[in-house]
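Novice: 3D model of this:
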Amino acid sequence: MDPAHRAVLRRNTRFLSAELQVSDSIVPLLFQEEILTEAQVEHIESQTTNSRKTRRLLELLPRRGPRAFRCFLRALDDFSWVRDRLLLDLHTPGPGAEPGPGPGAGAGPGAGAGSTDDRQLPESVLQRVPSDRELSRLASRLGAEWELVLMDLGLSAEALFRCRSDHGLSAHGAALAGLVQWRRSEGRRARVQRLLESLQAADVHPSVLQDALI
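Specialist: Prediction:
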C-alpha cells in the first residue's frame, strides 16, 4: 500500500472504528476482490465487537498490496460520508483528520458538548430530512430502544422482522435499515422533528439525536 494511503488509515483509525460496520458489505467485498484471504476474514469476524473487527481490518489492509486502499474505498458505498472524509484527508496537506472537528467526529466525548445540554434544536434542523450519515450515527446510539422508535415511526411488525432477520446480530444494521426504509417511504415528510417525537415516545433522551446530528 502507498505510504500516503497507509497514513490516512492510521490517522482515521478511531473515526473508522466508530462509524463502520464492516461485516455486512465491506469485508465480503474485500474477500471477493482477493484483498483478504478466507483465514483473514475468519480472524476479523472472530472479534467480539464491531470496533475490534474494524481495527483488525485496518491492521491487515496496509499489508495487502497496492490495490487494497482503492478496493476499500469502493467497499464504502454504504458509508459515503466516511469515503468523503478519507478522500478529503488524502488530498488535504497539513494536520491529519483525526483530531479535527469535521463531520463524523462524534467519537470524542467533548465534541459538541454545549449542544447536548440544549434541549432545543434549531427549527432549520428540525424541518430538514436527515442524511445517510446522520441516520447511521443515530442507529448506532439507539441501543435496545431501536424497535420502539421504529414502531412509533410507523414501521410494521413485518418490516421490523425483516430488519432483524436481514442483519442477524447487528443491531446497528437492523436499526439503520429501518430508518432508511422510514425515510424512503415518507420522502420529504421524513424530518428530524418526526425523529425527535419518536425518540421521546420511546423514552430516549433528546441528546441521542443531538449527538447524531453533530
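
Novice: Flag every buried residue along stretch 126-137.
Specialist: Residues of stretch 126-137 classed as buried: 128, 130, 133-137 (neighbour count, 16 or more other Cβ atoms under 10 Å). Any C-beta I mention is one placed from the backbone N, CA and C, and that applies to glycine too.

Novice: should've said stretch 139-154
Specialist: Residues of stretch 139-154 classed as buried by neighbour count (16+ other Cβ under 10 Å): 139-142, 145-153.

Novice: Which other helices and strands does the helix or strand hosting Ser124 contact?
Specialist: Secondary structure from DSSP states H and E places Ser124 in helix 123-126. For helix 123-126, the packing partners by 3 or more Cβ pairs under 8 Å, 6 or more residues apart in numbering; DSSP states H and E come out as helix 192-201.

Novice: Put the alpha carbons of the longest helix belonging to the chain into CSV.
Specialist: When the chain is parsed with DSSP state H, its longest helix is helix 171-186. Output of helix 171-186 as CSV, limited to C-alpha atoms (Å, rounded to 0.1, in the frame of the first residue of the first chain):
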residue,chain,number,x,y,z
ALA,A,171,-28.5,-4.0,16.0
HIS,A,172,-26.9,-1.1,14.2
GLY,A,173,-27.5,-2.6,10.8
ALA,A,174,-31.1,-3.5,11.6
ALA,A,175,-31.9,0.0,13.1
LEU,A,176,-30.2,1.7,10.1
ALA,A,177,-32.2,-0.4,7.6
GLY,A,178,-35.4,0.5,9.4
LEU,A,179,-34.6,4.2,9.5
VAL,A,180,-33.7,4.3,5.8
GLN,A,181,-36.9,2.5,5.0
TRP,A,182,-38.9,5.1,7.0
ARG,A,183,-37.1,8.0,5.2
ARG,A,184,-37.7,6.4,1.8
SER,A,185,-41.4,5.8,2.5
GLU,A,186,-42.0,9.3,4.0
